[in-house]
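Peer 1: Could you look at this predicted model? Sequence included:
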Amino acid sequence: MALLTLRLSAASIKVEDNEAFSKLPPNTNPLLQTLTKRKRLHLHRKHQQMHAVHTIPAAFSLADCDRILVQAATAVPEDAKLVGQTKDHNIRRADLVWLDNVPDTGWVMDAIIDLVRVANRDTYQFDLTEFMESLQVAHYDSAREGHFDWHSDIGDGRIAAKRKLTLVAQLSEPDAYVGGLLEVMPSSHTVTANTARGSVTIFPSYMLHRVTPVTEGRRMSMTVWAHGPAFR
């Protein structure tokens, strides 16, 4: 039979986890009350972790944002695809530059790794092992009504199935465009991401999120995913 161990002050009490013990009324057994309370706290903490949207204001300086955009501008943008590498402009309309194709951008990844490490330690405590995909800089232009409808970043592919955390950095000034809001749905409500330039928003990759249509100007952002064993 399984043994439950609970440390009370300096004493350690062992109780058989049998049917008779489990059926005792909670108010008659302080040990069972304590175990139940701990279970509730654990579940509450787990719920918070799984539904948290983490914001880091000023994660990148204005000079960093300028540098990223200047470096990204040296590459030819590609028409954005969906998780399954298909195109559907009704769902997503944007242009992308992959920073793996741009020289001397390793400093950006170094900064991202540190941001994710701290956020995961303090908020999520997910099992993260690597970054398997390139950083992408996205252009959402009003000329195309750039947008990305509600979606999750986890897919059926070998790599997409391992996405655990999504990180989005705001590279544009908020007054450079109209629309283009990053909205995340952690449960039954919607959270709008910080639009201050240089801010970073991190959330579990299974959360539904979208970028609303840009109706004026152009929104620039950067996205990357942290990977690990698939959620169970």
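Peer 2: On my side now, so go ahead.
Peer 1: Which helix or which strand is home to the most centrally placed residue in the chain?
Peer 2: Most central in the chain under Cα atoms, centre = their mean is residue 203, positioned 2.3 Å from the mean C-alpha point. Residue 203 is located in strand 200-204, with elements delineated by DSSP states H and E.
Peer 1: Can you list the neighbours in contact with the helix or strand just after that strand?
Peer 2: Counting by DSSP H and E, the next helix or strand C-terminal to strand 200-204 is strand 208-211. Contacts of strand 208-211 with the rest of the structure, by Cβ atoms under 8 Å, 6 or more residues apart in numbering, involve 94, 140, 146-153, 166, 180-185, 203, 219, 221. From N, CA and C alone the C-beta is placed, and that goes for glycine too.
Peer 1: Give the next helix or strand downstream of strand 208-211.
Peer 2: strand 214-227.
Peer 1: CA atoms of that next one as PDB?
Peer 2: Extracted as PDB, the C-alpha positions of strand 214-227 are listed here (Å, rounded to 0.1, in the frame of the first residue of the first chain):
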ATOM      1  CA  VAL A 214      -3.900  46.800 -38.800                       C
ATOM      2  CA  THR A 215      -5.900  49.600 -40.300                       C
ATOM      3  CA  GLU A 216      -3.300  52.300 -40.400                       C
ATOM      4  CA  GLY A 217       0.500  52.200 -40.400                       C
ATOM      5  CA  ARG A 218       2.600  49.100 -39.700                       C
ATOM      6  CA  ARG A 219       3.200  46.900 -36.700                       C
ATOM      7  CA  MET A 220       6.500  45.200 -36.200                       C
ATOM      8  CA  SER A 221       7.000  42.400 -33.700                       C
ATOM      9  CA  MET A 222       9.400  39.500 -33.000                       C
ATOM     10  CA  THR A 223       8.300  36.000 -32.000                       C
ATOM     11  CA  VAL A 224      10.100  32.900 -30.800                       C
ATOM     12  CA  TRP A 225       9.200  29.700 -29.100                       C
ATOM     13  CA  ALA A 226      10.800  27.700 -26.300                       C
ATOM     14  CA  HIS A 227      10.500  23.900 -26.700                       C
END
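Peer 1: All set, thanks.
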